[in-house]
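Trainee: model the structure of this input:
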Amino acid sequence: MSASRRPVWFPRLTLRGGVFLGVGGLFLAQYFFTGRRDILFVACLLMLVPVTAAAFVAIRPVAVKVTRGFRPLVVEAGREAVVSLTVRNLSARPLQGLRWRDTGDPGFGTTGLTALPGLDRFDGGRDNSGDVVRLEYTLVPRRRGRYASGPLRLERYDPFGLAASEWAVGEPVDLLVTPTVTVLPGRGLASADGDGDAHDRLRHLNHNSDQLIAREYRPGDPLRRVNWPATARHGEIMVRQEEHRSNPAARIVLDTALRGRPVPPPGQGAGHQNGHDQAFEVAVELVASIGVHLLVAGFRVDLVELGPSQLGPSQLGPSQLGPSRLGPSQLGPSRPAPGTFGKRGGLRGDAPVDFEAIGDVQALLEGLAGVVPLEPAQAAPVHSSGAAPEPAVLPVGYAPQVPLPTFAVLVDVDRTDAAELAALAAAGRPAVAFVLDPMDRDTVAVLRDAGWRCIRVRSAQGIAAAWQEATGATVSAPVPGSRR
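Mentor: Here you go, the predicted structure:
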């Protein structure tokens, strides 16, 4: 809800009022040359009328209370959101002849000038009384982020249309726009058909997510699953069967530092970085898609940022992060001291953020809504001693003890990041790197030699296909490329 502050008014002349004033000034100049009093009378009349109109609209300020809401409260980029406004007249006089338009941050769809229905004088009654009007409009935010909606602007014109006065009423309210989520094929890290070669390959690479047990042979079981040692012990044919663990986990690494990007030439900062910014948006969308896919499948997701943490508890706040969201046991007992979040980066000491099962889907998306690529000074790797980290050695603050399926989403890393990621490959079973277009071939080759399986992603439309290539998932429904 948003109660109005003291309204800010902006009396101004319209084009018609400006013409009146300009013509009056010309007549006044002619009077000084000719001395004719009739011309002076016309000049004074033409100049006095718009000034009187401006005073008319300025001395009758509006007094209203504005309540603002959204449906839904959090919207996915590319989806519709409804902005609802409730305007109540607080003055003792009716309000007539006003026009309204809503305002907001750049990139946030707003409305043009529209006539405001008349409001009766304030009577302190119910919300459906005559002194209240409800306004609604629909917008479709195209990019993720936090957008300020408001304040509402009301305009009044004089009867002759010579002057107008504008008031900004109501407090701005933020609308959170989360990344678009692409529906990925398969179920978790297993293929949809459950018995194909890809499934066996993933089970072999990710042996921590499943435990094998032996059961008796049933007609139709493939012979390649016969467990010969168990068969010898039991005296009957036994086959291997997967018993899923109740707490599978996966790790996602997001490149927020973009340390490999070149320094823009003087005066070309914004345009020069445009390609990296677009690639970063695809990277965030890819992380959101993978994260939601794994959380829905029952995985715990550990999100690691290459740059200083933007998803730590000080950034997300207690409403988005529970009291036990940080420091999964697989990452070792050593953790950064309180107050160090956002200073070093995920491979240099910042603890990853832990999202658990399907209940944290919204927390993940809301956190990713505010993640931005860091400036070079913010992304510079710094130890507590002030020295740069040694390459190819993971710091004490990040020591994975149990191999996990690891998915790195990389935009443009430098040599130090590449070396540290190469060291992390040993803790990934499997270790898959989704690389965006700005990544150069030499860096990709370093990662590939270290054991990362590198997959190019050039646009958001290729996210589902890249996931299918990484996991060998068989498509059932929905179709790859379909977006939620």
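
Trainee: tell me the contacts of the spatially closest residue to P405 that is not a sequence neighbour?
Mentor: Of all residues not flanking P405 in the chain, A250 sits nearest, at 4.4 Å (CB to CB, 6 or more residues apart in numbering). For every residue, glycine as well, the C-beta is placed using N, CA and C. Residues near A250 by CB atoms under 8 Å, 6 or more residues apart in numbering: L189, L294, F299, R300, V301, D302, L404, P405, T406, F407.

Trainee: could you dump those residues to TSV with pLDDT, neighbour count and secondary structure?
Mentor: As requested, the contacts of A250 are exported to TSV (pLDDT from 0 to 100; neighbours: other CB atoms under 10 Å; DSSP: H, G, I helix; E, B strand; the rest coil):
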residue	pLDDT	neighbour count	secondary structure
L189	78	25	coil
L294	94	25	helix
F299	91	23	coil
R300	91	19	strand
V301	93	27	strand
D302	92	25	strand
L404	89	27	strand
P405	93	25	strand
T406	94	24	strand
F407	96	28	strand
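
Trainee: distance-wise, check the residue nearest to P405 relative to V74.
Mentor: Between A250 and V74 the computed distance is 24 Å (CB to CB, to the nearest Å).

Trainee: on the three-state scheme, the residue nearest to P405 is what?
Mentor: Under DSSP: H, G, I helix; E, B strand; the rest coil, the three-state class of A250 is strand.

Trainee: which one among the contacts of A250 gets closest to E171?
Mentor: Ranked by distance to E171 (CB to CB), those are led by V301 at 35.7 Å.

Trainee: how much space between that closest one and V42?
Mentor: Using CB to CB, V301 is found at 77 Å from V42.

Trainee: list the contacts of the most centrally placed residue in the chain.
Mentor: Against the mean C-alpha coordinate of the chain, by CA atoms, centre = their mean, the closest residue is A369 at 2.0 Å. Counting by CB under 8 Å, 6+ apart, A369 touches R144, G145, R146, L176, V177, T178, P179.

Trainee: next up, phi/psi of L152, please.
Mentor: Taking degrees, to the nearest 10, you get phi -80, psi 140 for the backbone angles of L152.

Trainee: so where's the stretch 101-250 of the chain uncertain?
Mentor: Within the stretch 101-250 of the chain, the stretches with pLDDT under 70 are 109, 125-128, 190-213, 220, 241-246.

Trainee: which parts of it are strands?
Mentor: If DSSP state E, counting those that start in this stretch is used as the criterion, the strands of the stretch 101-250 of the chain fall at 114-115, 132-139, 145-157, 163-169, 173-178, 210-216, 238-244, 249-254.

Trainee: please identify the deepest-packed of those.
Mentor: Looking across the strands of the stretch 101-250 of the chain with neighbours counted as mean count of other CB atoms under 10 Å, the highest average goes to strand 249-254: a mean of 25.

Trainee: A464: neighbour count?
Mentor: A464: 24 surrounding residues under other CB atoms under 10 Å.

Trainee: about what we covered before: which pair of the contacts of A369 spans the longest distance?
Mentor: Farthest pair in the contacts of A369, by CB to CB: R146 and P179, 12.6 Å.

Trainee: surely R348 is in a helix?
Mentor: No. Under three-state DSSP, R348 sits outside any helix and is assigned coil.

Trainee: now distance to P222 too, for the contacts of A369, in TSV please.
Mentor: Shown next, in TSV, are the contacts of A369 (distance: CB to CB, whole Å):
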residue	distance to P222
R144	45
G145	50
R146	52
L176	49
V177	48
T178	42
P179	40
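
Trainee: re earlier: so which of the strands of the stretch 101-250 of the chain gets nearest T86?
Mentor: Closest to T86 of those, according to CB to CB: strand 132-139, at 5.4 Å.

Trainee: which residues in the stretch 151-300 of the chain form helices?
Mentor: Here the stretch 151-300 of the chain has its helices, by DSSP state H, counting those that start in this stretch, at 197-205, 228-234, 269-272, 274-296.

Trainee: with just CA atoms, put the last one into PDB.
Mentor: Spelled out, that is helix 274-296. Output of helix 274-296 as PDB, limited to C-alpha atoms (Å, rounded to 0.1, in the frame of the first residue of the first chain):
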ATOM      1  CA  ASN A 274      26.900  -4.800 -24.800                       C
ATOM      2  CA  GLY A 275      27.800  -8.200 -26.100                       C
ATOM      3  CA  HIS A 276      29.000  -9.300 -22.700                       C
ATOM      4  CA  ASP A 277      25.800  -8.000 -21.100                       C
ATOM      5  CA  GLN A 278      23.600  -9.900 -23.500                       C
ATOM      6  CA  ALA A 279      25.600 -13.100 -22.900                       C
ATOM      7  CA  PHE A 280      25.300 -12.600 -19.100                       C
ATOM      8  CA  GLU A 281      21.500 -12.400 -19.400                       C
ATOM      9  CA  VAL A 282      21.600 -15.800 -21.200                       C
ATOM     10  CA  ALA A 283      23.900 -17.200 -18.500                       C
ATOM     11  CA  VAL A 284      21.500 -16.100 -15.700                       C
ATOM     12  CA  GLU A 285      18.600 -17.600 -17.600                       C
ATOM     13  CA  LEU A 286      20.500 -20.900 -18.000                       C
ATOM     14  CA  VAL A 287      21.400 -21.000 -14.300                       C
ATOM     15  CA  ALA A 288      17.700 -20.400 -13.500                       C
ATOM     16  CA  SER A 289      16.600 -23.200 -15.800                       C
ATOM     17  CA  ILE A 290      19.100 -25.700 -14.500                       C
ATOM     18  CA  GLY A 291      18.400 -24.700 -10.900                       C
ATOM     19  CA  VAL A 292      14.700 -25.000 -11.200                       C
ATOM     20  CA  HIS A 293      15.000 -28.300 -13.100                       C
ATOM     21  CA  LEU A 294      17.200 -29.800 -10.400                       C
ATOM     22  CA  LEU A 295      15.200 -28.500  -7.400                       C
ATOM     23  CA  VAL A 296      12.000 -29.900  -8.900                       C
END
